[in-house]
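Colleague: Sequence plus the predicted model coming up.
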Amino acid sequence: MDPLPNGNNVAAAPPPPSSSSSKLTESLKLEHQLLRVPFEHYKKTIRANHRLVEKEVSAVISALPHSADHDDAIHHLNSLVSRLQGLKRKLEDGSRAERLQAQRCRARLDHLESADGDNISEWNNTRLKRILVDYMLRMSYYDTATKLAESSNIQDLVDIDIFYEAKKVIDALHNKEVAPALAWCADNKSRLKKFKSKFEFQLRLQEFIELVRNENNVQAVIYARKYLAPWAATYMKEFQKVFATLAFTSNTGCEIYKVLFEPKQWDYLMDQFKQEFCRLYGMTLEPLLNIYLQAGLSALKTPFCYEDDCTKEDPLSQESFRKLAMPLPFSKQHHSKLVCYITKELMDTENPPLVLPNGYVYSTKALEEMATNNNGKITCPRTGLVCNYTEVTKAFIS
Amino acid sequence: MELNSIKDAFDRVTKKQKVSSSKSQEAIEQISQEIDLALSRIQSATPQPDHNVILSELKAKLKEMAPLGQLEGPQKELNLALSKYTKLLEKQFNPDISKSYRNVDFDFHTVNQIIASHLYRENMFDIGDCFVNEARVEAVVDKKTHFLEMYRILESMKSRDLAPALKWAAVNHDKLQQNGSDIELKLHRLQFVEILQHGSRDEALKYIRTYIAPFANQHFPEIQKLMACILWAGKLESSPYTDLLSPAHWVKLAHELAQQFCNLVGESIQSPLSVTVAAGDQGLPTLLKLMNVMAGKKQEWQCMKQLPVPVDLDQDFQFHSIFVCPVSREQASEDNPPMLMSCGHVLCKQSITKLSKNNSTRPFKCPYCPTEVQVGQCRKLCF
């Protein structure tokens, strides 16, 4: 195998650490999304509250009257006082929201800390439920997600409310409405700008197309001047292409422009939104379940899994798992790993493999026990061959 | 990974946030107070105030206070703490585990079927039904029926009612015998102990004769012990057999019954979804490291037929014997089976062919010991 860049020979990669605590650490390192998502939400609330304070305070200060008559001055100042009262009330709510979100961030940190050797199987069980809720939320199975989270008491560990925020936008886009999506863009303007996102531009383009579709050409031009022009410099080609649809109608035969009028443009917008949304919140693009499943299937996949006598305990003995694993790579072993057919235990130097006269192999422990209970006779469970314990030979596997 | 340092960093964030928040409240309070002051001055009866002067004084005062300027400092510190925490998370955790995902055909209908079966298997029938409805999953009715029956039996056992369990064991008597399971006897024994607890010696005796005696051939010592228990009918606690009363028996037996039940209906004992996800959890770190090394070779990642590195999984995930030839480092297969040489060492067939230089009559030397090996004497092994 050729050495890969920076001199690492992949075939000789060091084996991962085998101690259980470092395995646990590796496992926890995969949980970035768990901590990042509520934190992004927390940051967003903090930012929104601060913007509110800035806006209201500067509005109040600049609204101070210069000169007015006596009664007007009093009236004016009173209105400013009540505006500040309103601000205080809003901030109280905002503070409450911040506290709750900080609590959620802490709850997740505590959850990671709670994983230790003793309760590991329960922790793993909880992880599977978290992963399932994440999958259901992304696939829009909101009822089941909520039920599962409630029944397992993991509401603090999943992000149902955040996905509901996305649901509003997705449902609207499904109904060919861009308003909620545009509101979402406005809400997250600065961060979308940092990511150089063109999602807002794409929404505006779609609205333009809809105006052209309904033959509101005058409106369309006004719209383009107001909302598309600011983006035109950066995305000139796309702008020109869409703007040119003015020259056609929605049932144009010209392929380049026909595709812009198709309903699947809305599906594209929904996908685009999901991507931007996940990126903003630090979520993986794919459901966690798919990521874990693919990794697990590949790690478990051997040619023997597809044979008829594959043990039922192997998930790949099942049709559905086999189907999913088809396009995935097989696992690789560098050293022999032999499992006794009878006891399912490892056959190694402590429990060496023994060979029957017909070539079938079983562990020493299994055959010793069988011989003890059967007057020194061995029956091969797979072929039925009967022989004496004295007739088996030892095999040396390195 | 340092969870403590992460917690500390988060505590710093909340601290800075409190400071910033209270500064905001302070500033708003101050502005309110100045305006209130100005208002009361304007409204005072004597001396007659010039409200315009008061207004300009108010304006000047607020400009001097510069409330928004006051907020800048704490806000800056807060932003610093926020970005530090984000960077810490990105450093201590793997920021994007979806790098290991392959964009291949991963049919979500199949995934949904797997999830539905899993929910039924884990006794979450309501949630399972809700899911089947919402996701429109097909073809899981059989699984649901199986597991419904299993949990019905187990629920009864929880309330010390062994009737459904015994009925199931009787119906599947032959298959259980075939699998070498003695669970039917164990169930009867538990029932016997229950009867004995309620004090009826005659009933207990009758029970042994009817249900337990048929197992006499294979379990005579056990049956003798049970017969002896009759002497302590109603007061087993004072007998030498008190351990028979332990509730642990019920738990253990329920567990064993679940295993046998799954066996008989052709299901695995553990949820295949749990097993696969657990294997994924163990395998992801290696796969992500591999993906890092292969960054930029996305096409190769997508199309590879076999992982180039081994993924170490726990013993629990070892379902098949894999023989790797120590000479060629290749995995054995149907075409290239493992062969036992007369010295007891094992090589794969192709390695033997190469070592004997394609001459099946001449003996060759085993690479691991001084023995001379005849090709014809090599035996194919079946693990």
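Modeller: Arrived safely.
Colleague: so how far is the longest helix seen in chain A off the chain centroid?
Modeller: Longest helix in chain A, counting residues (DSSP state H): helix A:70-113. Put simply, helix A:70-113 sits 32 Å off its chain's centre (Cα atoms, centre = their mean, to the nearest Å).
Colleague: pLDDT on it, on average?
Modeller: Over the span of helix A:70-113, the pLDDT mean works out to 91.
Colleague: list the contacts for the residue lying closest to A:Leu128 once chain neighbours are set aside?
Modeller: Excluding the flanking residues, the one nearest A:Leu128 by Cβ to Cβ, 6 or more residues apart in numbering or on different chains is B:Val277, at 5.5 Å. All C-beta atoms are positioned from the backbone trio N, CA, C, and that covers glycine. By Cβ atoms under 8 Å, 6 or more residues apart in numbering or on different chains, the residues touching B:Val277 are A:Arg127, A:Leu128, A:Ile131, A:Leu289, A:Tyr292, A:Leu293, A:Gly296.
Colleague: JSON lines please, covering those residues and showing pLDDT.
Modeller: Listed next are the contacts of B:Val277 as JSON lines, based on pLDDT from 0 to 100:
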{"residue": "A:Arg127", "pLDDT": "96"}
{"residue": "A:Leu128", "pLDDT": "97"}
{"residue": "A:Ile131", "pLDDT": "97"}
{"residue": "A:Leu289", "pLDDT": "97"}
{"residue": "A:Tyr292", "pLDDT": "97"}
{"residue": "A:Leu293", "pLDDT": "96"}
{"residue": "A:Gly296", "pLDDT": "96"}
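Colleague: Compare those and tell me which has the most neighbours.
Modeller: When neighbours are taken as other Cβ atoms under 10 Å in any protein chain shown, the top entry among these is A:Gly296 (30 neighbours).
Colleague: Helix or strand: which one has that one?
Modeller: Following DSSP states H and E, one finds A:Gly296 within helix A:288-300.
Colleague: tell me, how many neighbours does residue 311 end up with?
Modeller: You didn't say which chain, so I picked chain A. By other Cβ under 10 Å, 15 other residues sit near A:Thr311.
Colleague: wrong one, I was asking about chain B
Modeller: 25.
Colleague: tell me the pLDDT at it?
Modeller: For B:Val311, the pLDDT comes out at 92.
Colleague: OK, contacts around it?
Modeller: Neighbouring residues of B:Val311 by Cβ under 8 Å, 6+ apart: A:Ser298, A:Ala299, A:Ser331, A:Lys332, B:Gln282, B:Gly283, B:Thr286, B:Leu287.
Colleague: One more pass at 7 Å, please.
Modeller: Counting by Cβ atoms under 7 Å, 6 or more residues apart in numbering or on different chains, B:Val311 makes contact with A:Ala299, A:Ser331, B:Gly283, B:Thr286, B:Leu287.
Colleague: just the buried members of those residues?
Modeller: Buried subset of the contacts of B:Val311 (neighbour count, 16 or more other Cβ atoms under 10 Å in any protein chain shown): A:Ala299, A:Ser331, B:Gly283, B:Thr286, B:Leu287.
Colleague: residues contacting the third one?
Modeller: Looking back up the chat, that one is B:Gly283. With Cβ under 7 Å, 6+ apart, B:Gly283 has these contacts: A:Ala295, A:Gly296, A:Ala299, B:Val311, B:Leu313.
Colleague: make it 8 Å
Modeller: Taking Cβ under 8 Å, 6+ apart, we find B:Gly283 in contact with A:Ala295, A:Gly296, A:Ser298, A:Ala299, B:Val311, B:Leu313.
Colleague: With the first one instead?
Modeller: When the contact criterion is Cβ under 8 Å, 6+ apart, the partners of A:Ala299 are A:Ser331, B:Ala279, B:Gly280, B:Gln282, B:Gly283, B:Leu287, B:Leu307, B:Val311, B:Leu313, B:Phe317.
Colleague: rerun at 7 Å
Modeller: If you count contacts by Cβ under 7 Å, 6+ apart, then A:Ala299 has A:Ser331, B:Ala279, B:Gly283, B:Val311, B:Leu313 around it.
Colleague: quick one: which of these sit in helices?
Modeller: Among the contacts of A:Ala299, DSSP H puts B:Ala279, B:Gly283 in helices.
Colleague: Kindly reformat the contacts of A:Ala299 as JSON lines and extend each row with distance to B:Leu187.
Modeller: As requested, the contacts of A:Ala299 are exported to JSON lines (distance: Cβ to Cβ, whole Å):
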{"residue": "A:Ser331", "distance to B:Leu187": "41"}
{"residue": "B:Ala279", "distance to B:Leu187": "34"}
{"residue": "B:Gly283", "distance to B:Leu187": "40"}
{"residue": "B:Val311", "distance to B:Leu187": "42"}
{"residue": "B:Leu313", "distance to B:Leu187": "36"}
